[in-house]
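Novice: fold the following for me, if possible:
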Amino acid sequence: MTTKTATAAINEPRTGEAKPTTGTTLESSSGADSQPATRGKTSIADGVVEKIAGMAAREVAGVHALGGGLARTLGAVRDRVPGGRPNVARGVKVEVGERQTAIDLDIVVEYGVPITDVAGDIRENVIAAVERMTGLEVVEVNIAVIDVHLPFDDEDDDEARVQ
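Specialist: Prediction:
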C-alpha cells in the first residue's frame with residue numbers, strides 16, 4: 001500500500017486539491033480520511049488584524065494614543081457620541097496575505113519615555129498577540145512616532161466654560 005504525502009510550499013499556487021496551509025505533511029488529503037482542521041480554508045480580514053494590533057499596541061506603557069492628529073480629533077468626537085464605540089484600529093494599517101502579515105503603526109508617545117524602548121515593547125506585544133490569535137506570521141511591524149504628548153497638552157475637562 002502506497003501513501004501519498006502533500007507538503008504546501010510557501011509560494012505554490014492554490015489548486016482545487018486540499019493541501020495543508022502550514023507546511024505540514026498529511027497522510028491523506030481527501031474526504032473522511034483527512035483531519036477536520038484541513039478541510040476548508042480560513043481567511044482573516046485586514047480589519048481583524050488591525051484591531052488585534054491596535055489593542056496590543058495600546059497596552060504598552062508609554063503609548064499615549066494611536067493615529068494622526070486629525071484621526072484622533074475625529075475619533076474623540078465619534079467616541080463622545082452616545083452609542084459610539086472607540087475605534088481601536090485608528091492609526092493601524094496592515095497587509096494580510098495567506099500566511100503572513102505586515103503592520104504599520106502611527107503612535108503618540110508620552111513625554112519622557114525612551115522611544116526606542118517603547119517601540120521595541122510595541123513590536124514584541126503586537127507580534128505575540130497577532131501570531132497567537134491569528135496564526136499568521138508577522139514579517140514586520142513599522143512604527144512611526146508622529147507626536148509626543150506633553151503633560152500640559154491635557155485640557156481641563158472637569159471645568160465647564162459656562163456655569
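Novice: after the helix-or-strand element of the chain with minimal mean pLDDT, next one along is what?
Specialist: Within the chain, no helix or strand scores below helix 69-80, which has a mean of 55 by mean pLDDT, DSSP states H and E. Next helix or strand after helix 69-80 toward the C-terminus (DSSP states H and E): strand 92-96.
Novice: which parts of the helix or strand that comes right after that next one are buried?
Specialist: Proceeding N to C from strand 92-96, the next assigned helix or strand is strand 100-110, under DSSP H and E. Neighbour counts over strand 100-110 (16 or more other Cβ atoms under 10 Å) mark 101, 103, 105-110 as buried. Where you see a C-beta, it was placed from the backbone N, CA and C, and this is true even at glycine.
Novice: repeat for stretch 56-67
Specialist: Going by neighbour count (16+ other Cβ under 10 Å), the buried part of stretch 56-67 is 56-58, 60, 62-67.
Novice: who's in contact with that stretch?
Specialist: The contact list for stretch 56-67 (Cβ atoms under 8 Å, 6 or more residues apart in numbering) reads 54, 72, 75, 88, 90-92, 105-110, 113-114, 117-118, 121-122, 125-126, 128-130, 149.
Novice: in the protein, where's the longest strand?
Specialist: strand 137-149 (DSSP state E).
Novice: mean confidence for that one?
Specialist: For strand 137-149, mean pLDDT rounds to 97.
Novice: low-confidence ranges, the protein, go.
Specialist: Counting by pLDDT under 70, the chain shows low-confidence ranges at 1-32, 69-86, 154-163.
Novice: measure E98 to T42 for me?
Specialist: From E98 across to T42, the span is 10 Å (Cβ to Cβ, to the nearest Å).
Novice: repeat that for H64.
Specialist: For H64, the distance to T42 equals 35 Å [Cβ to Cβ].
Novice: got phi/psi on Q35?
Specialist: phi -70, psi 140 (degrees, to the nearest 10).
Novice: roughly how far apart are it and G120?
Specialist: Spatial separation of Q35 from G120 under the definition Cβ to Cβ is 38 Å.
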